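Colleague: following is a predicted model, sequence given first.
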Amino acid sequence: MTNIPLIHLKDGLSIPLFIIHGGIPFELVYLATFLTGIVGLTAIGVYKKYPAGTWATIVTTVVVSFITGLILFSYPINAWPAILFGDYQQIHYLKFVPGGILFAIFALLIIRKVLRFKPSVGDSFILILPMLAIIQRVGCLVNGCCYGKPTDLPWAVEYPAAHALHQIQIDQGLIDQNSLFCQGVHPTQLYMISGYLIALVILVITRNKFQIPGTRSLFGISLLAMVRFAVEFWREPKTNVWYSVSWMGLSFLQWSIIAFVLVCSLLFYLKISKLNRTNFTANQVIELPFLNFMIITILFVIVWQLRELFDFVELLMLAGIFSFSFVVILIRIFQKITRPSLRWLSFTMMVVAFFAMSQQIIETPKDSLTTFKKSNWFGVGLNAGAGNYHEVTRDCNGNITGTYDRNYLVYGGDFSYHLIPKPNQHLTAGINVFYQEDKIEDQNFADSYQGTVFNPYFIYDFKKVGIGAGLHYSGNKFTSYDANYFAPSYYIRLGRRDKLFTEFNLMQNFYKDGASAIGQLALGGGFGQLDKNSLRCGVGFFPNSRTAFFVEGNILIQDFIYLKPGFAIGDGINGSLGLQVLLGKNRKKR
């Protein structure tokens, strides 16, 4: 349906501003907004000579956070937990720009700390932001959303009867049912476009006035916030949902903007009053390609969990930026672990070494109580597993009533704390958070279960024995037979981890291997070293008393990066892959 906003002329005539055909123009403008932003930010990274993988990670993090904030802030905050765990009914595609900006700012602050990125990123972003806001508001104007309050000003905008504003004004008694057009309203989209243009001009004119890193971005974001604060006086409250709740003549959003600008002003003062200021350059950026890969993968898992919230254009943009980032980071990883002159030969040797791991026994240094130091570190990992198995159903007498092929999928992440309190002791405490899905592929019989699972656990390894336990909690059932929301996990090991051990665990690796890890009985060894390469193989117990042979590796591919592949065959084919990064592994305490 066509919406035609009109401008009133003083002589009573009206002229059309735009002819809009459905939502397609808005979607195109929306796409153009993000393409402009991504291209602009990428160009800034090239101009500043930032490490490609690190900059790709930062840009991807900010873009994903901005899009997520746009959507989440259009829902009440008390609905966020249900949205994050997939337990929600109504899905809409409204956008709330301040929410996107807020998410992007927090994400930028966090990602800089994680990557130890010292140069001022905000100063690079600040010129892009008003340009994106202008393009976005052009889309709002064309689409007829974010309109203003009624007014008799000569530049008032009218909408035809097909527009949603028509019914709102009928309910408010401003027009009658037979009116062909709405009463004129403030073109708040044009107000914001004009305000953002002025802010952009000011930022360009004053670009050499801000010598202290970070002050330019604080000044710019405050300018943009004040534009929105001013326009809010003329904007129709119904277009802001609950953010337009009024108190002392100001909306909730306006009070939030005041608080935000005060915080920016305080930070501005602290920056200009700081005595020791350092301007960091691109040469001082430490690139961590494996950490970049981990961050991008975590973001991808989050987006996948929230995928139903995004519309087609958003999914298209996210798929593009993830693909680009993964390619850039993988190239940087390849460049980091190989020498330029022997790059392809090194790659070939790495592939061969991966499939034929060295089993050389390296002598372990003897323990010394006089030189021993406690050590601790954190682990962050990503894991995924998929496969299939057979399910057999029986009646009360034990007779088989059906045989079905099931397939499963698990993916998620883990966070763990590691402590070496004494020689030959290793305490691990952590939590796995993952999504599981298990279903039958049969047209005549449908059964599936899925949900997000939380698995806190601990493991205490001694020299010749290890014990562990944990608890799985899911909002959905674990099996197709009853509603089991809780499931335990156990772990016991006999033998030395660095040489040869036998192990039994119950759902210890369920977060990574899914159905193939309901129970595992294994033999393993560490090739003469503790907490480095290890290999486990044995029998995995599936539901319905089915079994399969499995092999799993724990491969140290760098000082603080573990690759964890796994494969099981017998009752179907099952595979898994994990990646873990150790943070602070070399930090030691007495």
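Modeller: All right, it came through fine. Residues are numbered from 1 along each chain as shown.

Colleague: which ones are touching the closest residue to residue 428 other than its chain neighbours?
Modeller: Among residues not flanking residue 428 along the chain, residue 459 sits closest, at 4.5 Å (CB to CB, 6 or more residues apart in numbering). C-beta coordinates here come from the backbone N, C-alpha and C atoms, glycine included. By CB atoms under 8 Å, 6 or more residues apart in numbering, residue 459 lies in contact with 426-429, 466-468, 491.

Colleague: same thing but 6 Å
Modeller: Residues in contact with residue 459 (CB atoms under 6 Å, 6 or more residues apart in numbering) are 428, 468, 491.

Colleague: am I right that it sits in a strand?
Modeller: Yes. Assigned with DSSP: H, G, I helix; E, B strand; the rest coil, residue 459 falls within a strand.

Colleague: how far away is it from residue 555?
Modeller: From residue 459 across to residue 555, the span is 20 Å (CB to CB, to the nearest Å).

Colleague: contact partners of the host helix or strand of residue 255?
Modeller: If you go by DSSP states H and E, residue 255 is part of helix 252-273. By CB under 6 Å, 6+ apart, the residues outside helix 252-273 that reach it are 212, 214-215, 218, 222, 225, 229, 232, 243, 245.

Colleague: that older thread, partner residues bridging the residue nearest to residue 428?
Modeller: Per DSSP bridges, the residues bridged to residue 459 are residue 428, residue 468.

Colleague: rewinding a little: and the helix holding residue 255, what's buried?
Modeller: 253-254, 256-257, 260-261, 264, 268, 271 (16 or more other CB atoms under 10 Å).

Colleague: please enumerate the strands of the stretch 251-400 of the chain.
Modeller: According to DSSP state E, counting those that start in this stretch, the stretch 251-400 of the chain carries its strands in the segments 374-394, 400-420.

Colleague: can you give the strand pairings for the first one, parallel or anti for each?
Modeller: Spelled out, it's strand 374-394. Taking DSSP bridges as the criterion, strand 374-394 sits next to strand 400-420 (antiparallel), strand 572-583 (antiparallel), strand 588-589 (antiparallel) in its sheet.

Colleague: and of those strands, who's closest to residue 50?
Modeller: strand 572-583 (21.3 Å; CB to CB).

Colleague: pull the residues that contact the closest one.
Modeller: The contact list for strand 572-583 (CB under 6 Å, 6+ apart) reads 291, 294, 377-385, 387-389, 512-513, 516, 560-562, 564-568.

Colleague: low-confidence bits of the stretch 351-500 of the chain, can you list those?
Modeller: The model of the stretch 351-500 of the chain has pLDDT under 70 over residues 351-372, 392-402, 441-448, 475-485.

Colleague: local confidence estimate at residue 348?
Modeller: We have a pLDDT of 59 for residue 348.

Colleague: export the helix holding residue 255 to CSV, keeping only CA atoms.
Modeller: C-alpha atoms of helix 252-273 as CSV (Å, rounded to 0.1, in the frame of the first residue of the first chain):
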residue,chain,number,x,y,z
PHE,A,252,12.0,8.8,30.1
LEU,A,253,14.3,9.0,27.0
GLN,A,254,15.0,12.6,27.7
TRP,A,255,15.9,11.9,31.3
SER,A,256,18.2,9.1,30.1
ILE,A,257,19.9,11.5,27.6
ILE,A,258,20.5,14.0,30.4
ALA,A,259,22.2,11.4,32.5
PHE,A,260,24.2,10.1,29.5
VAL,A,261,25.4,13.6,28.7
LEU,A,262,26.4,14.3,32.3
VAL,A,263,28.4,11.1,32.3
CYS,A,264,30.1,12.1,29.0
SER,A,265,30.9,15.5,30.5
LEU,A,266,32.5,13.9,33.5
LEU,A,267,34.6,11.7,31.4
PHE,A,268,35.5,14.6,29.2
TYR,A,269,36.7,16.5,32.3
LEU,A,270,38.7,13.6,33.6
LYS,A,271,40.4,13.2,30.2
ILE,A,272,41.5,16.8,29.9
SER,A,273,42.6,17.0,33.5
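
Colleague: please shift the residue numbers so they start at 333 in all later answers.
Modeller: Right, with 333 as the first residue, what we last looked at is helix 584-605.

Colleague: return a PyMOL selection command for the buried portion of the contacts of strand 904-915.
Modeller: Only the buried entries of those go into this PyMOL selection, using 16+ other CB under 10 Å:
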select buried, resi 623+626+709+711+712+713+714+715+716+717+719+721+844+845+848+892+893+894+896+898+899+900
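
Colleague: rewinding a little: where's the residue nearest to residue 760 relative to residue 849, distance?
Modeller: Residue 791 is 15 Å from residue 849, where distance means CB to CB.

Colleague: now the phi/psi pair for residue 758, please.
Modeller: Residue 758 adopts backbone torsions of phi -150, psi 110, taken as degrees, to the nearest 10.

Colleague: pretty sure it sits against residue 795.
Modeller: No. Using CB atoms under 6 Å, residue 758 makes no contact with residue 795, being 9.9 Å away.

Colleague: contact partners for the residue nearest in space to the middle of the chain?
Modeller: Most central in the chain under CA atoms, centre = their mean is residue 631, positioned 2.9 Å from the mean C-alpha point. Listed by CB under 6 Å, 6+ apart, the contact set of residue 631 reads residue 396.

Colleague: hmm, back to that, please check the contacts of residue 791 and keep the buried ones.
Modeller: Using 16+ other CB under 10 Å as the burial test, those include 760, 800, 823 as buried.

Colleague: grab the nearest non-local neighbour of residue 513.
Modeller: Leaving aside its sequence neighbours, residue 513 sits nearest to residue 490 (CB to CB, 6+ apart; 4.6 Å).

Colleague: now that neighbour: how far from residue 507?
Modeller: Distance, residue 490 to residue 507, using CB to CB: 10 Å.

Colleague: what mean pLDDT does stretch 868-876 have?
Modeller: Mean pLDDT, stretch 868-876: 79.

Colleague: could you list the buried residues of that stretch?
Modeller: 868, 870, 872-875.
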